[in-house]
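Colleague: model this:
(chains A and B)
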Amino acid sequence: MRIPESAPVIQAHDLRRTFGNRRGQVVEAVAGIDFEVEHGSIFGFLGPNGAGKTTTLRMLVTLLIPTSGDALVAGFSLLRQPERLRERIGYVGQTGGTDRSVSGRAELEFQGRLYGMSARDSRRRAIELIETFELGGCADRVTETYSGGQRRRLDVALGLVHKPDVLCLDEPTAGLDPQSRARMWDEVKRLRDRGTTVFLTTHYLEEADALCDRLAIIDHGLIVAGGTPEELKRGIAGDVVTLGVPRDRQAALDALRSQPFVRQYDPLDPSGSAIRVYVGRGETAIQPSCASLNTTGSCSKPSP
Amino acid sequence: MRMLRDTWIVFRRYFGRTLTSPLYMGVSLAQPVLYLVLFAPLLKSVASVPGLPGGGAYNVFVPGLLVQLSLFGVTSGGWGLIAEARAGIIERMRVTPVSGVSLLLGRTLRDVVMLVLQAMLIVGAALPFGLSLAWPGIFFAFVLMAVIALLMASVSYAAALWLRDENTFGAVVFSATLPLMLLSGVLLPISLAPSWLQAVADVNPVLYAVEAQRTLFANHLADASVFRGFLAVGVLALAAAWASARSFGRAVA
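Modeller: Model (predicted):
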């Protein structure tokens, strides 16, 4: 069963997971969340450690059974069809999952066999992935000798052996140097461009910003905000100044565009009389905004 | 079919890894032989002690040693499993369509094969000292060892997945296997024990396994002790394998 490309490839409904701790208290790691991920996009879960990112991801890849709720991933239900679902998703955990005493090539071939491929197919697929992820120089050495970047690229390659519809990455660049991180971002974007949906968790703002098409910000087990990085940045970074412009909107927009403190502006509606300006600090922006427009402005902070 | 294929693939990986570590192979094969060479000569002089089963010192000691090896030798797999769980390897395998049963049996098969190799070495080394063998008793003796190995490997892997810590695991496994061995009659016959200790030993499945193993070495296949031995460890092995496969497949935090 192929799901149509227009339908969301992940649909989570009221996913919830609680853990009992040692004193018998119940801790709600994920407190009932809903989200959808579009086919062929990069979707990021951003949040601090302990926010519930990894717990959510582990539920999506069938490592954890939800306490309640369900999700459809690649058309299969977490609760009812976990076996079918596993064939359609790839998972790369935080710690990777390569054996230090085995070569990268042997790991890739073994992974292919675990997904039911024949020995010959898994050899061929390993060669492909070694090329794609530029692991040719180290593929036949044991992974103990790999650099952090090489090991992480091998981890991702392992998650892709069976050409999954959805690749789930748990903190894909944690602990990588800036160069390896940039390279990993490029790899992930290339995957997306070839049609693989990528679901990832991160606690790096810049990673969420540079990499993700859409984001959900999660804290204390709840999604507190969601949208594209641009939408979220507007919402959380700085203030919004709403300017009343009774006439000559185009001249006002031109005048605002040339002001260095204006990050972005957003005409409320083309025929209306107000312009929303996104600035770093509202208090200091009102006066020069008004001066440049020769009009009056009011400052309002956005609701989170 | 799928399960057998997957089990074979998992076995191949782990057996391959063992083969590529010659030091590990060497040490684990040498250990039981050391036991034989350094301990069995002591038995020569006690062979005539009343209560010791007949058949000669080596036919008493070697079957017991093999059972002991099945008890202890196999549990070492748990350490490897803890390291693998920490490295994320178990998770990586658990998100594939391979079932928990195959993940467990593939590993266990490696342990069983290693055990059989060790046992063959011991038996071979003991022959010049006066161990006598008879077909097909020896074959069923190896089958019984494999069943004990399945039991111990399953218990060991389940404990490893549950405890997730090498130190705790080591302590628990050692404390659990020690009384099983002491009360099995491997080193000294239980008939020498005071009656309260004999009563405790009566519920030790390993005791029956050792009796069965000695009977098999004497080639008395139809003896009731053979049936008792297989029954005692067989039922436990199936239960342990089932529980362990479940914990392999189950979602663990």
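
Colleague: next SSE downstream of the helix or strand of chain B with the lowest mean pLDDT?
Modeller: Lowest mean confidence among the helices and strands of chain B (mean pLDDT, DSSP states H and E): helix B:22-46, at a mean of 78. As assigned by DSSP states H and E, the chain's next helix or strand after helix B:22-46 is helix B:57-72.

Colleague: bridged to the residue at minimal distance from the centre of chain A, which residues?
Modeller: What sits nearest the mean C-alpha location of chain A, by C-alpha atoms, centre = their mean, is residue A:44, with 1.6 Å. Beta-bridge pairing for residue A:44 (DSSP bridges): residue A:200, residue A:215.

Colleague: would you check that residue A:134 makes contact with residue A:154?
Modeller: No - with contact defined as C-beta atoms under 8 Å, residue A:134 does not reach residue A:154; the gap is 10.8 Å. Any C-beta I mention is one placed from the backbone N, CA and C, and that applies to glycine too.

Colleague: between these two, who's got more neighbours?
Modeller: Legend: neighbour count by other C-beta atoms under 10 Å in any protein chain shown for residue A:134 and residue A:154, higher for residue A:154 (27 against 14).

Colleague: residues in contact with residue B:146?
Modeller: Residues near residue B:146 by C-beta atoms under 8 Å, 6 or more residues apart in numbering or on different chains: B:112, B:115-116.

Colleague: give me the neighbour count for the nearest residue to residue B:200 once chain neighbours are set aside.
Modeller: Computed as C-beta to C-beta, 6 or more residues apart in numbering or on different chains, the closest residue to residue B:200 that is not its neighbour in sequence is residue B:183, at 6.2 Å. Applying other C-beta under 10 Å, we find 19 other residues in the vicinity of residue B:183.

Colleague: how close does residue B:183 get to chain A?
Modeller: To chain A, residue B:183 is 34 Å away according to C-beta to the nearest C-beta, to the nearest Å.

Colleague: model confidence score at that residue, please.
Modeller: Note for residue B:183: predicted pLDDT of 89.

Colleague: next one, pLDDT for the residue nearest to the centre of chain A please.
Modeller: So residue A:44 comes in at 95 (pLDDT).

Colleague: likewise residue A:82?
Modeller: For residue A:82, the pLDDT comes out at 88.

Colleague: what sits against it?
Modeller: A:62, A:76.

Colleague: which residues are contacting stretch A:107-114?
Modeller: Under C-beta under 8 Å, 6+ apart, the answer for stretch A:107-114 is A:98-99, A:102, A:119, A:121-123, A:125-126, A:129-130, A:139, A:143, A:154, A:157-158, A:161-162, B:6, B:9, B:13, B:92-93, B:96-98.

Colleague: 6 Å - rerun?
Modeller: If you take C-beta atoms under 6 Å, 6 or more residues apart in numbering or on different chains as the criterion, stretch A:107-114 is touched by A:98, A:122-123, A:125-126, A:129, A:158, A:161, B:9, B:13, B:96, B:98.

Colleague: ok, now stretch B:151-166?
Modeller: Outside stretch B:151-166, the residues that reach it (C-beta under 6 Å, 6+ apart) are B:71, B:74-75, B:77-79, B:81-82, B:108, B:111, B:169, B:233, B:236-237, B:240-241, B:243-244, B:247.

Colleague: what is the neighbour count of residue A:140?
Modeller: Residue A:140: 12 surrounding residues under other C-beta under 10 Å.

Colleague: so the closest residue to residue B:104 other than its chain neighbours is in which element?
Modeller: In this structure, residue B:104 finds its nearest non-sequential neighbour in residue B:245, 4.6 Å apart by C-beta to C-beta, 6+ apart. Secondary structure from DSSP H and E places residue B:245 in helix B:224-249.

Colleague: rewinding a little: wait, doesn't the residue nearest to residue B:104 sit right on residue B:100?
Modeller: Yes - here residue B:245 reaches residue B:100: they are 4.6 Å apart, a contact under C-beta atoms under 6 Å.

Colleague: with neighbour numbers in mind, choose between those two.
Modeller: The residue with more neighbours, out of residue B:245 and residue B:100, is residue B:245; 21 against 16, by other C-beta under 10 Å.

Colleague: pLDDT score for residue A:295?
Modeller: The per-residue pLDDT reported for residue A:295 equals 52.

Colleague: ok so, going back, out of the contacts of stretch A:107-114, the closest to residue A:74 would be?
Modeller: When the contacts of stretch A:107-114 are compared for distance to residue A:74 (C-beta to C-beta), residue B:96 wins out at 15.2 Å.

Colleague: most surrounded residue in the contacts of residue B:146?
Modeller: residue B:115 leads the contacts of residue B:146 on contacts (other C-beta under 10 Å) with 24 neighbours.

Colleague: what sits against the nearest residue to it once chain neighbours are set aside?
Modeller: In space, and not counting its chain neighbours, residue B:115 is closest to residue B:149: 4.9 Å by C-beta to C-beta, 6+ apart. Residues in contact with residue B:149 (C-beta under 6 Å, 6+ apart) are B:70, B:74, B:111-112, B:115.

Colleague: go again with 10 Å.
Modeller: Shown in contact with residue B:149 (C-beta atoms under 10 Å, 6 or more residues apart in numbering or on different chains): B:69-71, B:73-75, B:77, B:108-109, B:111-116, B:119, B:233, B:237.

Colleague: which element is it on?
Modeller: Using DSSP H and E, residue B:149 maps to helix B:137-163.

Colleague: could you pull out the buried residues of the next helix-or-strand element following that helix?
Modeller: Remark: after helix B:137-163, the chain's next helix or strand is helix B:166-182, criterion DSSP H and E. Residues B:169-170, B:172-173, B:177, B:180-182 are the ones in helix B:166-182 that count as buried (16 or more other C-beta atoms under 10 Å in any protein chain shown).

Colleague: chain A contacts on chain B?
Modeller: Applying C-beta under 10 Å from any C-beta of the partner chain, one finds that chain B approaches chain A through B:2, B:5-6, B:8-10, B:12-13, B:16-17, B:20-21, B:83-99, B:102-103, B:250-253.

Colleague: and the residue in chain A positioned nearest to chain B, how many neighbours?
Modeller: Closest contact between chain A and chain B, by C-beta to the nearest C-beta, is at residue A:97 (3.3 Å). Look at residue A:97: counted by other C-beta under 10 Å, it has 24 neighbours.

Colleague: swap in the one 4 residues further on?
Modeller: The burial count assigned to residue A:101 is 12, neighbours taken as other C-beta under 10 Å.

Colleague: take the contacts of stretch A:107-114 and keep only those in strands.
Modeller: Applying DSSP state E to the contacts of stretch A:107-114, no entry is found in strands.

Colleague: mind putting these into a markdown table with distance to residue A:174, pLDDT and neighbour count?
Modeller: Converted to a markdown table, the contacts of stretch A:107-114 look like this (distance: C-beta to C-beta, whole Å; pLDDT from 0 to 100; neighbours: other C-beta atoms under 10 Å in any protein chain shown):
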| residue | distance to residue A:174 | pLDDT | neighbour count |
| --- | --- | --- | --- |
| A:98 | 16 | 92 | 26 |
| A:122 | 29 | 96 | 22 |
| A:123 | 31 | 96 | 16 |
| A:125 | 27 | 96 | 21 |
| A:126 | 26 | 96 | 25 |
| A:129 | 22 | 95 | 23 |
| A:158 | 17 | 95 | 26 |
| A:161 | 22 | 95 | 25 |
| B:9 | 31 | 94 | 19 |
| B:13 | 27 | 93 | 22 |
| B:96 | 23 | 92 | 20 |
| B:98 | 27 | 91 | 25 |
